[in-house]
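K.L.:
Need a 3D model of the following:
(2 chains)
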There are 2 protein chains.
Amino acid sequence: MALVVQKYGGSSLESAERIKRVAERIAATKRAGNDVVVAVSAMGDSTDELLDLASQVAPVPPARELDMLLTAGERISMSLVAMAIHSLGFEARSYTGSQAGVITTAVHGNARIIDVTPGRIQDALADGAICIVAGFQGVSQDSKEITTIGRGGTDTTAVALAAALKADVCEIYTDVDGVFSADPRIVRDAKHLPQITYEEMLEMAAAGAKVLHLRSVEYARRYNVPLRVRSSFNNKTGTLVTGSMEDLPVEQAIITGVAHDRSEAKVTVTAVPDHPGIAARIFRVVADAEVDIDMVVQNVSQVATGRTDITFTLPKSDGPRAVAALEKAKPEIGHSGVLYDDHVGKVSLIGAGMRSHPGVTATFCEALSTAGVNIEIISTSEIRISVICRDTQLDDAVRALHDAFELGGDEEAVVYAGSGR
Amino acid sequence: MALVVQKYGGSSLESAERIKRVAERIAATKRAGNDVVVAVSAMGDSTDELLDLASQVAPVPPARELDMLLTAGERISMSLVAMAIHSLGFEARSYTGSQAGVITTAVHGNARIIDVTPGRIQDALADGAICIVAGFQGVSQDSKEITTIGRGGTDTTAVALAAALKADVCEIYTDVDGVFSADPRIVRDAKHLPQITYEEMLEMAAAGAKVLHLRSVEYARRYNVPLRVRSSFNNKTGTLVTGSMEDLPVEQAIITGVAHDRSEAKVTVTAVPDHPGIAARIFRVVADAEVDIDMVVQNVSQVATGRTDITFTLPKSDGPRAVAALEKAKPEIGHSGVLYDDHVGKVSLIGAGMRSHPGVTATFCEALSTAGVNIEIISTSEIRISVICRDTQLDDAVRALHDAFELGGDEEAVVYAGSGR
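P.N.:
Residues are numbered from 1 along each chain as shown, chains lettered A, B, ... in the order given. As a prediction, the model looks like this:
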């Protein structure tokens, strides 16, 4: 008998009909002889509806109360899932994050899980019950306040529960069949990946593959929780995320896949005086505006002027804030201007095997060049190469790389409506 | 500085607009120098919407999960009220029943409050914060499960908090101006009552006046919490419920008011063998069907047959269940049949002063007789006379009694849309 933790997102729970379908899947897992713990998100758009109500009563709602409000969403979905399982003849009990022992920091809206003390869950499992736990929420360690843990929170709740309960597997149910060598909506012969390592999944997620949230993969790697990403709309086995690169067989393919991201913009700070500490100053200004930056390039400075350009990428949603902060800091930094470009795309090649294959970067650049794609920024990690190009060329770039590294499968990938979440 | 507990029901909170209005009233109470604790119900029809969702996923939802689901309703309203107060410049913190220390029995759906340990509320008040508490809910003493406390629950939550915090007053906000000498929709010159005793309020509530829930008045009397019933739509002072009949001034009016009730039906068990224990047997059968009975009459038995009829009243909603149980018990009890009549109404006269005025019953019966109202059942308590009559004659009966005891005020009562809840 295995202990299985499952996670269902809002789209899998958006109506009574879908909740009943999820309940049947959970019951089938129990019927197969497993202990089952389930983390659920709020139903469909209900979180947005609650946010809308909040904005109607208060222009800037206090974060503590916003957490109190939003956690009602998972409370509703978890009790409905428990009821639906009950009506199939199984015992099911729902638990809030607090009741399930999800202990967090006290940062409302973006708390971090510190510990999970799932005593009530273990007791309920011992009684033979299926446990349904509210995702996305916890209780702060010292002040015992209700907290939420930010975007992708329910994935993280599921992984944290799986780690604390020493589950055999954590199944993340979503609306795609797992992880592919590229987005099947762009690359028709994108290959389904039956298994990848945590490191590859982390790079894929960071590079824009939306199937799993970065934070939950980091958590799974740290506690060595096997993750299975699969569709809640069929019975395919999905993708298993597990193991480290060291465990990979020798014949492992060099390259795992191609990821892309349309959510970033490019900022160039022009004619920056080239003296020590000036880059640090720029990134402090950006950080103080609470903007996370991704890629950074600095050209060698022009001898004639003693000045250089510094370019970086950031989420489009943070663009105006970053630009405003940099304009304000002009007297202090001494740059001539700030250029903002949100018509860029990022394409990345990920593969644990590329570490020992020095030709990968050359092939990568040749493939883009042949496809007529101009590289604007390039950055590499041990197992990833990413470039920024024009957004209009992004699909061509993805296809060119997928072809050049021969990542295609034998059959055409199936694309579901709304895939990619 | 006083400590004021306030209660707002679902209709006072049914939209963002109304929540903002409630927030202004709470802020005004705080601004006047009071500490304020507020118990809130779920917004408008949201409890019914959650019940509807439950019925879609499970024909008979388990009571534990139903409580988990329904308590989401108050969680939403309390956090929105706290946000709205916050945006008026006051600190406000919302607390679930569990966080507020509302300890109950473990009977899901109809738990009773055992104790209130409001440590967190007291700490927050000491910090100068306004506390918003979810009504209708608590946490069970031993199993730490989330419970709900049944109909009228938020009134009871407010009174229980007021008792535990030794509040100076518990204000119940509703959509009527307080308690009247009769329903102003029936009696045009019904008089507003500025003050009545707990006993009178209990008899009024039991006799069908819907302005306060019986249970909350019982709780207030036990802990001697002054209750003020007032409208959330104006600034009138409402009705103060306080004190016992012993404290009444000598010149107190004999009669307080006339209440009526259209929610009952009449059951007659015919030709019951008249021997000891048979009535007890009948009421055990009814009680086992979980039906509460109200009035009971047994006629003297007919000498010829040695049989008698037993008649009682009960809520219409329980009628079919009671009749079915009695039909089933026929072999054991030996009655000839069961008559069911749901075209009856109940009119009651309440007054602490009637104890010492023996003519009241005679005047009561004369007034109804003059109005052509036939009395089908009559029952009395120390401070109440109730009769059952045809439902079509109920309004005439109310007006006749109100006139006969000269209860009318000088001005016409104002009737609000939806008054009577």
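
K.L.:
which residues of chain A fall in helices?
P.N.:
In chain A, the segments counted as helices under DSSP state H are A:16-31, A:46-57, A:63-86, A:119-126, A:153-165, A:198-206, A:214-223, A:278-288, A:319-328, A:330-333, A:360-370, A:394-404.

K.L.:
for residue A:171, what are its contacts?
P.N.:
A:4, A:5, A:6, A:7, A:227, A:228, A:230, A:238 (Cβ atoms under 8 Å, 6 or more residues apart in numbering or on different chains). The C-beta positions use only the backbone N, C-alpha and C, and glycine is treated the same way.

K.L.:
mind giving me the domain split of chain A?
P.N.:
Listed by automatic domain parsing, the domain ranges of chain A are A:3-174, A:246-413.

K.L.:
Compare the mean pLDDT across the ones you listed and name the weakest.
P.N.:
Among these, domain A:246-413 carries the lowest mean pLDDT, a mean of 88.

K.L.:
Quickly note the distance from the residue located most distally from the centre of chain A to residue A:271.
P.N.:
The centre of chain A is farthest from one residue, residue A:304, which by Cα atoms, centre = their mean lies 44.7 Å away. Distance, residue A:304 to residue A:271, by Cβ to Cβ, to the nearest Å: 12 Å.

K.L.:
Next: residue A:105.
P.N.:
42 Å.

K.L.:
likewise residue A:109?
P.N.:
Going from residue A:109 to residue A:271 by Cβ to Cβ gives 38 Å.

K.L.:
quick one, which of those two is more surrounded?
P.N.:
Ranked by neighbour count (other Cβ atoms under 10 Å in any protein chain shown), residue A:109 and residue A:271 place residue A:271 first, with 16 against 13.

K.L.:
So what does the most centrally placed residue in chain A have for phi and psi?
P.N.:
Residue closest to the average C-alpha location in chain A (Cα atoms, centre = their mean): residue A:213, at 2.0 Å. Taking degrees, to the nearest 10, you get phi -80, psi 130 for the backbone angles of residue A:213.

K.L.:
What separation is there between it and residue A:42?
P.N.:
Using Cβ to Cβ, we find residue A:213 at a distance of 16 Å from residue A:42.

K.L.:
Could I get the buried residue list for stretch A:145-159?
P.N.:
A:145-149, A:152-159 (16 or more other Cβ atoms under 10 Å in any protein chain shown).

K.L.:
Can you give me the neighbour number for residue A:348?
P.N.:
Residue A:348 has 25 nearby residues by other Cβ under 10 Å.

K.L.:
thinking it is in contact with residue A:386, fair?
P.N.:
Yes. Counting by Cβ atoms under 8 Å, residue A:386 is a contact partner of residue A:348 at 4.1 Å.

K.L.:
what touches both of these two?
P.N.:
With Cβ under 8 Å, 6+ apart, residue A:348 and residue A:386 have common neighbours residue A:207.

K.L.:
Can you pull up the residues of chain A that come close to chain B?
P.N.:
Within chain A, the positions near chain B by Cβ under 8 Å from any Cβ of the partner chain are A:16, A:19-20, A:23, A:50, A:53-54, A:56-62, A:64-66, A:68-69, A:71-72, A:75-76, A:78-84, A:86-87, A:92-94, A:99, A:144.

K.L.:
Can you show me the strands along the stretch 301-421 of chain A?
P.N.:
Remark: strands assigned in the stretch 301-421 of chain A by DSSP state E, counting those that start in this stretch are A:307-315, A:337-341, A:344-350, A:377-381, A:384-390.

K.L.:
Distance-wise, check residue A:334 relative to residue A:385.
P.N.:
Look at residue A:334 and residue A:385: by Cβ to Cβ, they are 34 Å apart.

K.L.:
Excluding sequence neighbours, find me the nearest residue to residue A:236.
P.N.:
Once flanking residues are discounted, residue A:236 sits nearest to residue A:177: 5.1 Å by Cβ to Cβ, 6 or more residues apart in numbering or on different chains.

K.L.:
what's around the one you found, how many residues?
P.N.:
The number of residues packed near residue A:177 is 23, by other Cβ under 10 Å.

K.L.:
cool, and residue A:166?
P.N.:
With other Cβ under 10 Å as criterion, residue A:166 counts 9.

K.L.:
contacting residues for it?
P.N.:
Residue A:166 makes contact with residue A:3 under the criterion Cβ under 8 Å, 6+ apart.

K.L.:
Phi, psi for it please.
P.N.:
The phi/psi pair for residue A:166 (degrees, to the nearest 10) is phi 50, psi 50.

K.L.:
which residues does the residue in the stretch 251-400 of chain A that chain B sits nearest to contact?
P.N.:
Taking Cβ to the nearest Cβ as the measure, the stretch 251-400 of chain A has residue A:290 as its residue closest to chain B, at 22.1 Å. Residues near residue A:290 by Cβ under 8 Å, 6+ apart: A:318, A:321.

K.L.:
Which of the helices of chain A sits closest to residue B:278?
P.N.:
helix A:63-86 (41.8 Å; Cβ to Cβ).
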